[in-house]
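In: I'll drop the sequence and a predicted model, then ask my questions.
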Amino acid sequence: MKTKLIFFISTLVLLVACKSYKPFTSVKQKKEQVNLIKNKFRLTNDEFKKIKNEDSILFAVAKSLKKDIKLSLIERRLDSFFVSNYNKEELLIMLMLDYNFPNERIELNRKKNADGIDFKSIEEMKKFFEPGGEFDKEIEKVLGIKKKKDSSSKKKQNK
(Lines give C-alpha, C1' and ligand atoms only; values in the text may rest on other atoms or scores of the structure.)
Protein backbone atom coordinates (compact mmCIF):
# COMPACT_ATOMS: atom_id res chain seq x y z
CA MET A 1 0.00 0.00 0.00
CA LYS A 2 2.84 2.37 0.89
CA THR A 3 4.60 1.80 -2.40
CA LYS A 4 1.43 2.54 -4.36
CA LEU A 5 0.95 5.76 -2.40
CA ILE A 6 4.57 6.80 -2.90
CA PHE A 7 4.33 5.97 -6.61
CA PHE A 8 1.09 7.97 -6.94
CA ILE A 9 2.53 11.01 -5.11
CA SER A 10 5.78 10.96 -7.11
CA THR A 11 3.83 10.70 -10.37
CA LEU A 12 1.62 13.60 -9.32
CA VAL A 13 4.67 15.71 -8.38
CA LEU A 14 6.29 14.96 -11.75
CA LEU A 15 3.16 15.94 -13.64
CA VAL A 16 2.83 19.21 -11.76
CA ALA A 17 6.54 20.08 -11.82
CA CYS A 18 7.20 19.36 -15.49
CA LYS A 19 6.48 22.23 -17.83
CA SER A 20 5.27 21.63 -21.30
CA TYR A 21 6.80 23.63 -24.12
CA LYS A 22 5.43 27.12 -24.40
CA PRO A 23 6.69 29.80 -26.77
CA PHE A 24 7.03 32.42 -24.02
CA THR A 25 9.82 31.99 -21.51
CA SER A 26 7.67 33.06 -18.57
CA VAL A 27 4.18 34.08 -17.59
CA LYS A 28 5.48 37.61 -17.06
CA GLN A 29 6.77 37.77 -20.64
CA LYS A 30 3.43 36.51 -21.94
CA LYS A 31 1.53 39.19 -19.97
CA GLU A 32 3.87 41.89 -21.31
CA GLN A 33 3.35 40.72 -24.89
CA VAL A 34 -0.42 40.47 -24.43
CA ASN A 35 -0.49 44.05 -23.10
CA LEU A 36 1.67 45.20 -26.01
CA ILE A 37 -0.70 43.55 -28.51
CA LYS A 38 -3.72 45.08 -26.73
CA ASN A 39 -2.17 48.55 -26.91
CA LYS A 40 -0.90 48.34 -30.51
CA PHE A 41 -4.04 46.95 -32.12
CA ARG A 42 -7.61 48.09 -31.71
CA LEU A 43 -9.12 44.70 -30.91
CA THR A 44 -12.69 44.22 -29.78
CA ASN A 45 -13.37 42.00 -26.79
CA ASP A 46 -14.50 39.16 -29.06
CA GLU A 47 -11.39 39.45 -31.23
CA PHE A 48 -9.13 39.51 -28.21
CA LYS A 49 -10.89 36.48 -26.70
CA LYS A 50 -10.29 34.60 -29.94
CA ILE A 51 -6.49 34.96 -29.68
CA LYS A 52 -6.04 35.34 -25.91
CA ASN A 53 -5.52 31.64 -25.21
CA GLU A 54 -3.63 30.92 -28.43
CA ASP A 55 -0.01 31.19 -27.34
CA SER A 56 1.28 30.43 -30.82
CA ILE A 57 -0.67 33.34 -32.34
CA LEU A 58 0.31 35.72 -29.56
CA PHE A 59 3.94 34.70 -29.93
CA ALA A 60 3.92 35.11 -33.73
CA VAL A 61 2.31 38.56 -33.49
CA ALA A 62 4.78 39.61 -30.78
CA LYS A 63 7.68 38.35 -32.87
CA SER A 64 6.36 40.29 -35.87
CA LEU A 65 6.20 43.43 -33.75
CA LYS A 66 9.79 42.89 -32.60
CA LYS A 67 10.94 42.49 -36.21
CA ASP A 68 9.32 45.85 -37.08
CA ILE A 69 6.83 44.43 -39.56
CA LYS A 70 4.32 47.09 -40.63
CA LEU A 71 1.43 47.34 -38.20
CA SER A 72 -1.02 47.62 -41.08
CA LEU A 73 0.17 44.27 -42.47
CA ILE A 74 -0.15 42.51 -39.11
CA GLU A 75 -3.58 44.08 -38.60
CA ARG A 76 -4.67 42.88 -42.03
CA ARG A 77 -3.50 39.34 -41.23
CA LEU A 78 -5.35 39.40 -37.91
CA ASP A 79 -8.50 40.81 -39.51
CA SER A 80 -8.43 38.00 -42.07
CA PHE A 81 -8.19 35.54 -39.19
CA PHE A 82 -11.06 37.18 -37.29
CA VAL A 83 -13.40 37.04 -40.30
CA SER A 84 -12.35 33.42 -40.93
CA ASN A 85 -10.50 34.03 -44.18
CA TYR A 86 -7.45 32.48 -42.53
CA ASN A 87 -7.50 29.55 -40.19
CA LYS A 88 -4.99 29.36 -37.34
CA GLU A 89 -2.33 27.53 -39.35
CA GLU A 90 -2.61 29.91 -42.30
CA LEU A 91 -2.32 32.93 -40.00
CA LEU A 92 0.79 31.50 -38.37
CA ILE A 93 2.34 30.69 -41.75
CA MET A 94 1.60 34.16 -43.13
CA LEU A 95 3.05 35.86 -40.04
CA MET A 96 6.10 33.62 -40.25
CA LEU A 97 6.58 34.48 -43.92
CA ASP A 98 6.15 38.17 -43.14
CA TYR A 99 8.91 38.26 -40.55
CA ASN A 100 11.24 35.92 -42.43
CA PHE A 101 10.84 37.75 -45.76
CA PRO A 102 10.09 41.36 -44.74
CA ASN A 103 10.66 42.89 -48.18
CA GLU A 104 8.38 40.47 -50.03
CA ARG A 105 4.65 40.87 -50.59
CA ILE A 106 3.10 37.46 -50.00
CA GLU A 107 -0.61 36.74 -50.28
CA LEU A 108 -2.77 33.63 -50.39
CA ASN A 109 -4.56 33.12 -53.69
CA ARG A 110 -7.91 31.42 -53.19
CA LYS A 111 -9.40 31.97 -56.63
CA LYS A 112 -10.74 28.79 -58.15
CA ASN A 113 -9.52 29.70 -61.61
CA ALA A 114 -6.10 30.87 -60.39
CA ASP A 115 -3.11 29.92 -62.46
CA GLY A 116 -1.07 27.36 -60.66
CA ILE A 117 0.99 24.26 -61.14
CA ASP A 118 -0.52 20.92 -60.29
CA PHE A 119 1.70 17.86 -60.43
CA LYS A 120 0.31 14.35 -60.39
CA SER A 121 3.65 12.76 -59.45
CA ILE A 122 7.23 13.54 -58.49
CA GLU A 123 8.40 12.40 -61.92
CA GLU A 124 6.09 14.91 -63.57
CA MET A 125 7.47 17.65 -61.32
CA LYS A 126 11.09 16.70 -62.08
CA LYS A 127 10.35 16.69 -65.79
CA PHE A 128 8.77 20.15 -65.51
CA PHE A 129 11.77 21.65 -63.70
CA GLU A 130 14.58 19.97 -65.62
CA PRO A 131 16.77 22.34 -67.67
CA GLY A 132 15.18 23.05 -71.03
CA GLY A 133 11.85 21.72 -69.77
CA GLU A 134 8.45 23.32 -69.42
CA PHE A 135 9.58 25.62 -66.58
CA ASP A 136 12.21 27.26 -68.78
CA LYS A 137 9.64 27.65 -71.57
CA GLU A 138 7.14 29.28 -69.18
CA ILE A 139 9.76 31.69 -67.86
CA GLU A 140 10.80 32.59 -71.39
CA LYS A 141 7.17 33.18 -72.34
CA VAL A 142 6.44 35.35 -69.29
CA LEU A 143 9.64 37.39 -69.56
CA GLY A 144 9.65 37.52 -73.35
CA ILE A 145 13.12 36.03 -73.55
CA LYS A 146 14.23 33.88 -76.42
CA LYS A 147 17.36 31.86 -75.89
CA LYS A 148 19.90 32.23 -78.62
CA LYS A 149 21.40 29.02 -79.83
CA ASP A 150 25.12 28.77 -79.32
CA SER A 151 26.87 28.76 -82.70
CA SER A 152 29.84 26.83 -81.32
CA SER A 153 27.58 23.90 -80.38
CA LYS A 154 26.27 23.81 -83.95
CA LYS A 155 29.81 23.58 -85.31
CA LYS A 156 30.59 20.71 -82.93
CA GLN A 157 27.45 18.87 -84.06
CA ASN A 158 28.32 19.34 -87.76
CA LYS A 159 31.83 17.83 -87.40
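Out: On my side now, so go ahead.
In: tell me the pLDDT at residue 105?
Out: Predicted confidence (pLDDT) at residue 105: the value is 79.
In: got phi/psi on it?
Out: Note on residue 105: its backbone torsions stand at phi -100, psi 110 [degrees, to the nearest 10].
In: residue contacts, it?
Out: With contacts defined as CB atoms under 8 Å, 6 or more residues apart in numbering, residue 105 has no neighbours. For every residue, glycine as well, the C-beta is placed using N, CA and C.
In: from residue 86, how far off is the residue most central in space within the chain?
Out: Taking CA atoms, centre = their mean as the criterion, residue 93 is the residue nearest the geometric centre of the chain, at 1.7 Å. Taking CB to CB, to the nearest Å as the measure, residue 93 falls 9 Å from residue 86.
In: so which elements touch the one helix or strand residue 58 maps to?
Out: For residue 58, the element it lies in under DSSP states H and E is helix 55-66. Judged by 3 or more CB pairs under 8 Å, 6 or more residues apart in numbering; DSSP states H and E, helix 55-66 is in contact with helix 27-40, helix 45-52, helix 71-82, helix 88-100.
In: same list (those) but as TSV, adding distance to residue 131 and mean pLDDT.
Out: Below are the helices and strands packed on helix 55-66 laid out as TSV (distance: least, CB to CB, whole Å; pLDDT from 0 to 100):
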stretch	distance to residue 131	mean pLDDT
helix 27-40	48	86
helix 45-52	46	87
helix 71-82	37	91
helix 88-100	28	88
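In: closest one to residue 136 among those helices?
Out: Ranking the helices and strands packed on helix 55-66 by distance to residue 136, with CB to CB as the measure, places helix 88-100 first at 26.7 Å.
In: got the angle between that closest one and helix 45-52?
Out: Counting by axes from the mean of the first three to the mean of the last three CA atoms, to 10 degrees, helix 88-100 points 80 degrees away from the direction of helix 45-52.
In: figure out how far the following helix or strand past helix 88-100 is from the centre of its chain.
Out: Stepping forward along the backbone from helix 88-100, the first helix or strand reached (DSSP H and E) is helix 122-129. Here helix 122-129 shows a centroid-to-chain-centroid distance of 25 Å under the convention CA atoms, centre = their mean, to the nearest Å.
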